[in-house]
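*Asks:* show me the folded form of this:
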Amino acid sequence: MALPTLNQTQYATLMGLLRAQMGKPYVWGAIGPGSFDCSGLVQWAYGKMGIALPRTTYQQINAGISVPLDELMPGDLVFFETDDNPNNGPDHVGIYSGNGNMMNAQNEDVGLKETSIASGYWRNALVGARRTFTVSDDGGTVPDDGEQPRVGLPSIGLPSLPVSGIGGILAPILGLPSLPGTPEAIGAMFEQAVVIGLGCAFVLIGMGVLLREPAVEIATTVATKAIP
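*Replies:* Model prediction:
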(Lines give C-alpha, C1' and ligand atoms only; values in the text may rest on other atoms or scores of the structure.)
Protein backbone atom coordinates (compact mmCIF):
# COMPACT_ATOMS: atom_id res chain seq x y z
CA MET A 1 0.00 0.00 0.00
CA ALA A 2 1.10 3.56 -0.67
CA LEU A 3 2.05 5.44 2.50
CA PRO A 4 1.89 9.22 3.02
CA THR A 5 5.24 10.92 2.49
CA LEU A 6 6.79 13.54 4.76
CA ASN A 7 9.73 15.67 3.70
CA GLN A 8 12.64 16.01 6.09
CA THR A 9 11.34 19.26 7.59
CA GLN A 10 7.89 17.76 8.22
CA TYR A 11 9.55 14.68 9.71
CA ALA A 12 11.54 16.85 12.12
CA THR A 13 8.38 18.79 12.98
CA LEU A 14 6.49 15.58 13.82
CA MET A 15 9.22 14.28 16.11
CA GLY A 16 9.61 17.68 17.75
CA LEU A 17 5.86 17.96 18.27
CA LEU A 18 5.77 14.57 19.96
CA ARG A 19 8.72 15.42 22.17
CA ALA A 20 7.07 18.67 23.24
CA GLN A 21 4.19 16.66 24.73
CA MET A 22 6.43 14.70 27.08
CA GLY A 23 5.68 15.59 30.68
CA LYS A 24 1.96 16.19 30.12
CA PRO A 25 -0.58 14.13 32.10
CA TYR A 26 -2.10 10.86 30.99
CA VAL A 27 -5.89 10.73 31.01
CA TRP A 28 -7.73 7.69 29.68
CA GLY A 29 -9.72 8.63 26.59
CA ALA A 30 -8.03 12.04 26.20
CA ILE A 31 -7.02 13.20 22.72
CA GLY A 32 -5.10 16.38 23.61
CA PRO A 33 -3.75 18.86 23.60
CA GLY A 34 -3.65 19.22 27.39
CA SER A 35 -3.61 15.50 28.13
CA PHE A 36 -3.58 12.22 26.22
CA ASP A 37 -3.94 8.50 26.40
CA CYS A 38 -1.53 6.36 24.36
CA SER A 39 -3.50 6.09 21.13
CA GLY A 40 -4.88 9.61 21.52
CA LEU A 41 -1.32 10.99 21.42
CA VAL A 42 -0.57 9.05 18.24
CA GLN A 43 -3.75 10.11 16.45
CA TRP A 44 -3.38 13.76 17.49
CA ALA A 45 0.29 14.19 16.53
CA TYR A 46 0.10 12.34 13.21
CA GLY A 47 -3.12 14.16 12.36
CA LYS A 48 -1.21 17.44 12.67
CA MET A 49 0.98 16.22 9.78
CA GLY A 50 -1.99 15.18 7.65
CA ILE A 51 -1.68 11.47 8.49
CA ALA A 52 -5.12 10.13 9.42
CA LEU A 53 -4.97 7.25 11.89
CA PRO A 54 -7.74 5.38 13.74
CA ARG A 55 -8.55 6.30 17.32
CA THR A 56 -7.69 3.18 19.34
CA THR A 57 -4.66 0.93 19.76
CA TYR A 58 -6.69 -2.05 18.54
CA GLN A 59 -7.33 -0.19 15.27
CA GLN A 60 -3.89 1.43 14.90
CA ILE A 61 -2.20 -1.98 14.87
CA ASN A 62 -3.71 -2.40 11.39
CA ALA A 63 -2.61 1.01 10.08
CA GLY A 64 0.25 1.35 7.62
CA ILE A 65 2.60 -1.58 7.03
CA SER A 66 4.36 -4.01 9.35
CA VAL A 67 8.05 -3.31 9.97
CA PRO A 68 10.67 -5.65 11.52
CA LEU A 69 11.92 -4.54 14.91
CA ASP A 70 15.51 -4.40 13.67
CA GLU A 71 14.49 -1.93 10.95
CA LEU A 72 12.66 0.57 13.11
CA MET A 73 13.03 4.25 12.35
CA PRO A 74 11.94 7.15 14.55
CA GLY A 75 8.25 7.74 13.99
CA ASP A 76 7.26 4.08 13.66
CA LEU A 77 4.50 2.90 15.97
CA VAL A 78 5.42 0.20 18.48
CA PHE A 79 2.76 -2.00 20.10
CA PHE A 80 2.67 -3.85 23.40
CA GLU A 81 0.58 -6.44 25.21
CA THR A 82 0.45 -5.51 28.88
CA ASP A 83 -2.60 -7.44 30.14
CA ASP A 84 -1.14 -10.98 29.92
CA ASN A 85 -3.89 -11.99 27.50
CA PRO A 86 -2.53 -12.27 23.96
CA ASN A 87 -6.00 -13.01 22.63
CA ASN A 88 -6.99 -9.42 23.27
CA GLY A 89 -4.30 -8.04 20.97
CA PRO A 90 -2.00 -5.10 21.82
CA ASP A 91 -3.34 -2.66 24.38
CA HIS A 92 -0.61 -0.01 24.37
CA VAL A 93 1.09 1.99 21.62
CA GLY A 94 4.13 4.25 21.60
CA ILE A 95 6.21 6.08 19.01
CA TYR A 96 9.76 4.85 18.39
CA SER A 97 12.14 7.78 18.94
CA GLY A 98 15.51 6.17 18.14
CA ASN A 99 18.32 4.66 20.18
CA GLY A 100 16.03 1.98 21.63
CA ASN A 101 13.54 4.46 23.10
CA MET A 102 9.88 5.33 22.61
CA MET A 103 7.73 8.35 23.43
CA ASN A 104 4.37 7.37 24.89
CA ALA A 105 1.45 8.30 27.09
CA GLN A 106 2.20 5.64 29.67
CA ASN A 107 -0.29 5.75 32.55
CA GLU A 108 -1.77 8.08 35.16
CA ASP A 109 1.22 7.68 37.48
CA VAL A 110 3.92 8.33 34.89
CA GLY A 111 2.17 10.53 32.34
CA LEU A 112 3.78 11.19 28.95
CA LYS A 113 7.38 10.06 28.94
CA GLU A 114 10.25 8.86 26.76
CA THR A 115 11.41 5.45 27.96
CA SER A 116 13.62 2.58 26.84
CA ILE A 117 12.15 -0.42 25.04
CA ALA A 118 15.53 -2.10 24.51
CA SER A 119 15.28 -4.25 27.63
CA GLY A 120 13.18 -5.01 30.66
CA TYR A 121 9.41 -4.76 30.91
CA TRP A 122 8.70 -2.92 27.66
CA ARG A 123 11.02 -5.11 25.58
CA ASN A 124 9.26 -8.22 26.87
CA ALA A 125 5.82 -6.76 26.16
CA LEU A 126 6.72 -5.55 22.64
CA VAL A 127 4.73 -7.48 20.02
CA GLY A 128 5.09 -5.54 16.77
CA ALA A 129 5.57 -2.30 14.89
CA ARG A 130 3.88 -0.43 12.07
CA ARG A 131 5.13 2.25 9.68
CA THR A 132 2.54 4.83 8.68
CA PHE A 133 4.60 7.18 6.49
CA THR A 134 7.76 7.40 4.41
CA VAL A 135 10.36 10.16 4.41
CA SER A 136 11.61 11.84 1.26
CA ASP A 137 15.22 12.93 0.87
CA ASP A 138 14.73 16.59 0.07
CA GLY A 139 17.77 17.91 1.87
CA GLY A 140 15.69 19.52 4.63
CA THR A 141 16.28 19.42 8.35
CA VAL A 142 16.45 15.96 9.90
CA PRO A 143 15.37 15.04 13.43
CA ASP A 144 18.31 15.64 15.73
CA ASP A 145 18.55 15.46 19.52
CA GLY A 146 22.29 15.98 19.59
CA GLU A 147 22.99 12.91 17.46
CA GLN A 148 21.39 11.14 14.54
CA PRO A 149 18.65 8.74 15.71
CA ARG A 150 19.67 5.12 15.42
CA VAL A 151 17.64 3.04 13.02
CA GLY A 152 16.45 -0.30 14.41
CA LEU A 153 16.01 -1.56 17.91
CA PRO A 154 19.55 -2.23 19.23
CA SER A 155 20.39 -5.76 20.28
CA ILE A 156 20.93 -6.41 23.97
CA GLY A 157 24.59 -6.93 24.83
CA LEU A 158 27.72 -5.34 26.19
CA PRO A 159 28.31 -1.84 24.84
CA SER A 160 31.38 -0.93 22.85
CA LEU A 161 34.18 0.83 24.67
CA PRO A 162 35.35 4.18 23.31
CA VAL A 163 38.48 4.18 21.17
CA SER A 164 41.28 5.55 23.33
CA GLY A 165 44.86 4.80 24.35
CA ILE A 166 46.31 1.66 22.77
CA GLY A 167 42.89 0.75 21.42
CA GLY A 168 42.74 4.06 19.59
CA ILE A 169 46.09 3.33 17.93
CA LEU A 170 45.41 -0.29 17.02
CA ALA A 171 41.77 0.02 15.98
CA PRO A 172 42.46 2.04 12.76
CA ILE A 173 45.36 -0.27 11.83
CA LEU A 174 43.12 -3.32 12.20
CA GLY A 175 40.19 -1.63 10.48
CA LEU A 176 38.05 -1.51 13.66
CA PRO A 177 35.94 1.59 14.38
CA SER A 178 35.83 0.86 18.10
CA LEU A 179 37.18 -1.57 20.65
CA PRO A 180 34.54 -4.29 21.26
CA GLY A 181 33.29 -4.62 24.78
CA THR A 182 33.89 -8.33 25.40
CA PRO A 183 37.11 -9.76 26.83
CA GLU A 184 37.23 -12.37 24.07
CA ALA A 185 37.04 -9.71 21.37
CA ILE A 186 39.67 -7.57 23.07
CA GLY A 187 41.99 -10.57 23.39
CA ALA A 188 41.48 -11.47 19.73
CA MET A 189 42.29 -7.94 18.65
CA PHE A 190 45.55 -7.81 20.63
CA GLU A 191 46.48 -11.29 19.40
CA GLN A 192 46.01 -10.05 15.85
CA ALA A 193 48.09 -6.95 16.64
CA VAL A 194 50.94 -9.11 18.01
CA VAL A 195 50.92 -11.28 14.89
CA ILE A 196 51.04 -8.22 12.64
CA GLY A 197 53.81 -6.68 14.77
CA LEU A 198 55.93 -9.85 14.64
CA GLY A 199 55.41 -10.08 10.89
CA CYS A 200 56.59 -6.50 10.42
CA ALA A 201 59.62 -7.16 12.63
CA PHE A 202 60.67 -10.20 10.57
CA VAL A 203 60.31 -8.21 7.37
CA LEU A 204 62.50 -5.40 8.73
CA ILE A 205 65.14 -7.89 9.94
CA GLY A 206 65.16 -9.56 6.52
CA MET A 207 65.57 -6.23 4.76
CA GLY A 208 68.45 -5.39 7.10
CA VAL A 209 70.25 -8.63 6.22
CA LEU A 210 69.79 -8.09 2.48
CA LEU A 211 71.06 -4.52 2.68
CA ARG A 212 74.02 -5.44 4.89
CA GLU A 213 75.48 -8.22 2.66
CA PRO A 214 76.05 -6.05 -0.46
CA ALA A 215 77.62 -3.38 1.75
CA VAL A 216 80.08 -5.93 3.21
CA GLU A 217 81.00 -7.17 -0.29
CA ILE A 218 81.61 -3.62 -1.54
CA ALA A 219 83.75 -2.75 1.49
CA THR A 220 85.83 -5.94 1.04
CA THR A 221 86.43 -5.23 -2.64
CA VAL A 222 87.54 -1.65 -1.98
CA ALA A 223 89.86 -2.73 0.80
CA THR A 224 91.45 -5.44 -1.39
CA LYS A 225 92.11 -3.04 -4.24
CA ALA A 226 93.66 -0.55 -1.85
CA ILE A 227 96.32 -3.04 -0.76
CA PRO A 228 99.51 -2.68 -2.98
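
*Asks:* which residues of the chain fall in helices?
*Replies:* 8-20, 38-48, 57-60, 120-125, 165-173, 183-226 (DSSP state H).

*Asks:* so where is the protein shaky, pLDDT-wise?
*Replies:* Applying pLDDT under 70 to the chain flags residues 139-228.

*Asks:* domains in it, as residue ranges please.
*Replies:* 5-135, 165-226 (automatic domain parsing).

*Asks:* so how far is residue 50 from residue 107?
*Replies:* 29 Å (Cβ to Cβ, to the nearest Å). C-beta here means a position set from N, CA and C on the backbone, and glycine is covered the same way.

*Asks:* between the two, which is the more surrounded one?
*Replies:* Counted by other Cβ atoms under 10 Å, residue 107 and residue 50 do not tie: residue 107 has more neighbours, with 14 against 10.

*Asks:* got the contact list for residue 130?
*Replies:* 60-67, 76-77, 79 (Cβ atoms under 8 Å, 6 or more residues apart in numbering).

*Asks:* let's see 6 Å
*Replies:* 63-64, 77 (Cβ atoms under 6 Å, 6 or more residues apart in numbering).

*Asks:* how about residue 113?
*Replies:* So residue 113 contacts residue 106 (Cβ under 6 Å, 6+ apart).

*Asks:* tell me what it is bridged to.
*Replies:* Following DSSP bridges, residue 113 is listed with bridge partners residue 104.

*Asks:* any idea how far it is from residue 82?
*Replies:* 15 Å.

*Asks:* likewise for residue 99?
*Replies:* 22 Å.

*Asks:* before we move on, what about residue 51?
*Replies:* 25 Å.

*Asks:* between those two, who's got more neighbours?
*Replies:* Neighbour count, other Cβ under 10 Å: between residue 51 and residue 82, residue 51 has more, with 20 against 15.

*Asks:* circling back to that earlier point, in TSV: the contacts of residue 130, plus neighbour count and distance to residue 94.
*Replies:* Conversion of those to TSV gives the following (neighbours: other Cβ atoms under 10 Å; distance: Cβ to Cβ, whole Å):
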residue	neighbour count	distance to residue 94
63	19	14
64	20	15
77	26	7
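
*Asks:* list just the nearest of the residues you listed to residue 127.
*Replies:* residue 77 (11.7 Å; Cβ to Cβ).

*Asks:* is the closest residue in space to that closest one that isn't next to it in sequence bridged to anything, and to what?
*Replies:* In space, residue 77 comes closest to residue 130 once its chain neighbours are excluded; the distance is 4.7 Å by Cβ to Cβ, 6 or more residues apart in numbering. In this entry, residue 130 is beta-bridged to residue 66, residue 77, by DSSP bridges.

*Asks:* roughly how far apart are residue 130 and residue 71?
*Replies:* Distance from residue 130 to residue 71, by Cβ to Cβ: 12 Å.

*Asks:* go on, residue 133?
*Replies:* 15 Å.

*Asks:* and those two? Which one has more around it.
*Replies:* Applying other Cβ under 10 Å to residue 133 and residue 71 shows that residue 133 carries more neighbours, namely 18 against 12.
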